[in-house]
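Visitor: Sequence first, then the predicted structure, then my questions.
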Amino acid sequence: MDSKKFLAFWGWKSLPWNEPIALDRLYWQESTQIICSRLLLTLQRAASLFVITAPPGHGKSTLARWLYHTMDQQRHDVAFFSLLQSEQHSGWLLPKLAQYLGLDPASSTNRHVLERLQQSRLHGKILTVIIDDAHKLKEPEALDEILALIQVQSIAANHLNFILIGNTRLSAIVQMTEGCQHRLAMSADMQGLSRNDIIPYLNWRLDQIGLPAKVVGADAHSYLMAQAPLSFAWIESLLEGALMEAFLRDQRVISAETIQTAAQYFGLSKGLADEPSTELPKATKPTPGRRKQPAPQTGKSGGGAAPTLDLNSLYYKSGGGHDPEES
């Protein structure tokens, strides 16, 4: 494929997938917005454990980064750890906390970490620790340090919160760990994109990469809606592949057939319905809607301002089209 011709075909100067999406312009479906609202509210209570799970591709790591940049800096001191290997025993957390607190990870003990937490550097803030890919904590013993630190009330001026984010295996580990259930302030499962989310999400994503909503045809909308629920990662990969396939066909509109061909070539066909042909749902013309775009939000809160809890202002949803059944 001639990359220059591909870029020119869609009017791009560079591949849009190489550009990160701004954390203050994310799209989340309503169920995840509710999780975020409850989490931000409950985080004001210290010495708590939060667990958020979802299958791969549902936006867990994106949510972790969003939380890190969104929490009120006047109230929280935020640490972010992403586990790169399986941690099966206790002792994994202490070196990470020691390094974050400016201590020597090799020689620091629990006492050193607690003493540093008690120092005025945190100015009475809650130390909120976000742990992404927490499903890599394979054994209940790996949660021992988290539970012990939550239970230590001698550091009342600098309470800790832990947010564990991982795939569905994390739920099993939490359930097997004695003491977790009594410390859980919140446990939630992130959902995939439902039938009602498909068109709004596609319109939002197309707008992000500089393409009009009409690039995806009505039959493609109907076809994808029939596959719901879908993950963000799957739809993202499929959209990229479908745009390549449409370019090869010299077509400006992505059809259901284009999507199926792209899915087969890019290894994304597992779980899709068979040949669309006459089995496709009858397309319904979307009702035109006026796009509502909120004023830009900054990722990190600062200057004493508390984080907004109006999630509708944090997530931009394109109004270019909607599922007729939503009305």
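Guide: Arrived safely, thanks for sending.
Visitor: Low-confidence ranges, the stretch 1-150 of the chain, go.
Guide: 1, 120-123 (pLDDT under 70).
Visitor: All the helices of it, in order from the start?
Guide: With helices called from DSSP state H, counting those that start in this stretch, the stretch 1-150 of the chain shows them at 3-10, 30-42, 60-70, 93-100, 110-118, 144-151.
Visitor: closest one to A263 among those helices?
Guide: helix 3-10 (19.0 Å; Cβ to Cβ). The C-beta positions use only the backbone N, C-alpha and C, and glycine is treated the same way.
Visitor: excluding its backbone neighbours, what's nearest G166?
Guide: Excluding its sequence neighbours, the residue lying closest to G166 (Cβ to Cβ, 6 or more residues apart in numbering) is H135, at 3.3 Å.
Visitor: Distance of the one you found relative to T261?
Guide: Distance, H135 to T261, using Cβ to Cβ, to the nearest Å: 34 Å.
Visitor: which residues does S187 contact?
Guide: F50, V51, I52, T53, S171, V174 (Cβ atoms under 8 Å, 6 or more residues apart in numbering).
Visitor: Quick check: A233 vs G267, distance?
Guide: Remark: distance between A233 and G267 (Cβ to Cβ) = 13 Å.
Visitor: Buried by neighbour count: which residues of stretch 162-172 qualify?
Guide: Counting neighbours by 16 or more other Cβ atoms under 10 Å, one finds that the buried residues in stretch 162-172 are F162, I163, L164, I165, G166, N167, L170.
Visitor: my read: V152 touches L114, true?
Guide: Yes. Under the criterion of Cβ atoms under 8 Å, V152 makes contact with L114 at 6.7 Å.
Visitor: hmm, back to that, neighbour-wise, which of A233 and G267 wins?
Guide: Legend: neighbour count by other Cβ atoms under 10 Å for A233 and G267, higher for A233 (14 against 9).
Visitor: how deep is the nearest residue to that one once chain neighbours are set aside tucked in, by neighbour count?
Guide: Distances taken as Cβ to Cβ, 6+ apart put G57 closest to A233, at 3.0 Å, once the chain neighbours are dropped. By other Cβ under 10 Å, 16 other residues sit near G57.
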